[in-house]
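J.: Here is my input, please return the structure:
(one chain, ligands or ions: 1)
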Amino acid sequence: SGLDGKFKAKGKKFWGSCADANTLNIAANVAVLKSDFGQVTPENSMKWDATENTRNSFTFGGSDTLVNWATTNGKQIRGHTLVWHSQLPGWVSSINDKATLTSVIQNHITNVAGRYKGKLYGQSPSPLYDHWDVCNEIFNEDGSLRSSVFSNILGESFVTIAFQAARATDSTAKLYINDYNLDSNNAKVRGLVALVNRVNSANKLIDGIGTQMHLGPGGAGGALAALTALAAAGTEVGITELDIQGAAPNDYTTVVQACLSTPACVAITSWGVSDTNSWRASSTPLLFDGNYRPKAAYNAVIQALS
Ligand code: G3I
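T.: Next up, the predicted model:
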């Protein structure tokens with residue numbers, strides 16, 4: 001019963017949603033999270049600006065709220081996100097030497113991932129592993145590295161620095177690289193797969209690829225090709241932030257079928273429960289309406305999983 005239960009019955013790890021204190025305060029939203037979702041991703045509370053807005057002064061109020069709720073309610077958590085050019089405090093962006101930036105990355109990851117080590121997996125499924133989006137949105141559309149303080153100062157080595165720090169902090173966690181527009185077998189997908197292969201050939205550090213899947217109408221058409229191309233990197237793959245403009249039932253079931261027919265696709269996370277709390281609310285992209293009632297897309301997904 002419920003989306004998560006039906007998805008797990010197909011052999012997958014979980015179907016989750018993002019959440020944070022602002023949506024955990026809404027009773028109707030919480031009821032749906034409990035009945036239909038097996039995992040939560042902190043929508044904003046684990047980002048750098050929320051956890052270390054001032055250098056080496058860590059603030060975990062929002063993230064603790066999310067983690068405590070998930071632990072109490074038996075939900076798994078995907079940690080999101082350790083190294084991202086956005087929501088990044090100015091004091092990080094203005095670092096201009098390799099040694100300082102390296103130790104700042106290491107200190108951030110040691111503290112944030114360290115606080116939640118062993119706490120992100122909730123009570124199911126087995127085997128139990130923490131999940132982390134270690135690097136987020138580091139590619140341009142052509143598959144090259146996005147310009148950021150990380151790539152500008154450290155080149156590609158920041159990826160290995162970040163993953164090594166996460167591995168050293170939480171040795172059994174599933175460490176993900178996460179990005180958007182990985183929605184067909186495109187240049188960005190190929191650039192990401194090539195980087196994962198380069199990093200992992202030296203030292204198997206990257207366990208998973210997250211494809212966010214913020215889709216437009218019809219955008220699900222490339223999902224199977226994308227998942228197949230990503231799986232060629234030899235890691236597991238998660239759909240980490242799913243929402244689809246207009247929420248056409250056929251678009252949603254196309255994504256679900258693509259994941260079901262790709263063994264490496266282990267999980268789906270919706271980027272929210274209700275349209276009303278979505279970062280792109282006006283495009284009504286989610287499975288539940290403004291009254292937290294299931295939409296046609298929800299019913300279609302349940303049917304596709306039955
Ligand atoms: O908390 C402050 C509040 O104090 C302030 O008064 C208000 C005024 O702007 O801003 C609040 O912060 C906002 C924050 O969400 C919390 O609500 C930020 O402005 C706003 O930019 C931020 O948006 C988030 C966005 O990431 C940027 O971090 C969205 O909620 C969140 O859904 C979105 O999620 C991202 C993923 O992390 C990565 N992939 C893309 C995805 C969608 O953009």
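
J.: got the contact list for the residue nearest to G38 when sequence neighbours are not counted?
T.: Once flanking residues are discounted, G38 sits nearest to D4: 3.5 Å by Cβ to Cβ, 6 or more residues apart in numbering. Where C-beta positions appear, they are placed from N, C-alpha and C, glycine not excepted. For D4, the contacting residues are F14, W15, G16, D36, F37, G38, Q39, by Cβ atoms under 8 Å, 6 or more residues apart in numbering.

J.: Likewise for T262?
T.: L224, L227, T228, A231, V237.

J.: can you pick the most crowded of the residues you listed?
T.: Using other Cβ atoms under 10 Å as the neighbour test, the contacts of T262 are led by L227, with 27 neighbours.

J.: thinking that residue is in contact with T235, fair?
T.: No. With contact defined as Cβ atoms under 8 Å, L227 does not reach T235; the gap is 12.0 Å.

J.: that older thread, okay, the residue nearest to G38: pLDDT?
T.: At D4, the pLDDT value in this model is 97.

J.: Check the one 5 residues further on too.
T.: Predicted confidence (pLDDT) at A9: the value is 97.

J.: Flag the shaky bits of the chain, pLDDT-wise.
T.: 122-128 (pLDDT under 70).

J.: mind listing the strands for it?
T.: With DSSP state E as the criterion, the chain has strands at 14-19, 39-42, 76-84, 131-136, 174-179, 208-211, 214-215, 236-244, 265-270.

J.: want to throw those strands into a markdown table with distance to L192?
T.: Shown next, in a markdown table, are those (distance: least, Cβ to Cβ, whole Å):
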| stretch | distance to L192 |
| --- | --- |
| strand 14-19 | 22 |
| strand 39-42 | 20 |
| strand 76-84 | 15 |
| strand 131-136 | 10 |
| strand 174-179 | 6 |
| strand 208-211 | 7 |
| strand 214-215 | 16 |
| strand 236-244 | 11 |
| strand 265-270 | 15 |
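
J.: can you list those strands in TSV and add distance to the ligand?
T.: As requested, the strands of the chain are exported to TSV (distance: least, Cβ to the nearest ligand atom, whole Å):
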stretch	distance to the ligand
strand 14-19	7
strand 39-42	8
strand 76-84	6
strand 131-136	6
strand 174-179	8
strand 208-211	9
strand 214-215	6
strand 236-244	5
strand 265-270	11
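
J.: Tell me the residue of the chain that sits nearest the ligand?
T.: Taking Cβ to the nearest ligand atom, the ligand has its nearest neighbour within the chain at W279, 3.6 Å off.

J.: quick one: stretch 232-252 to chain centroid distance?
T.: Relative to its parent chain, stretch 232-252 has a centroid offset of 11 Å by Cα atoms, centre = their mean, to the nearest Å.

J.: what distance separates the start and the end of it?
T.: Distance between the two ends of stretch 232-252: 24 Å, counting by Cα to Cα, to the nearest Å.

J.: Enumerate the positions of that stretch that are buried.
T.: Going by neighbour count (16 or more other Cβ atoms under 10 Å), the buried part of stretch 232-252 is 233, 235-245, 247-249, 251-252.

J.: same deal with stretch 137-146?
T.: E137, I138, F139, G143, L145.
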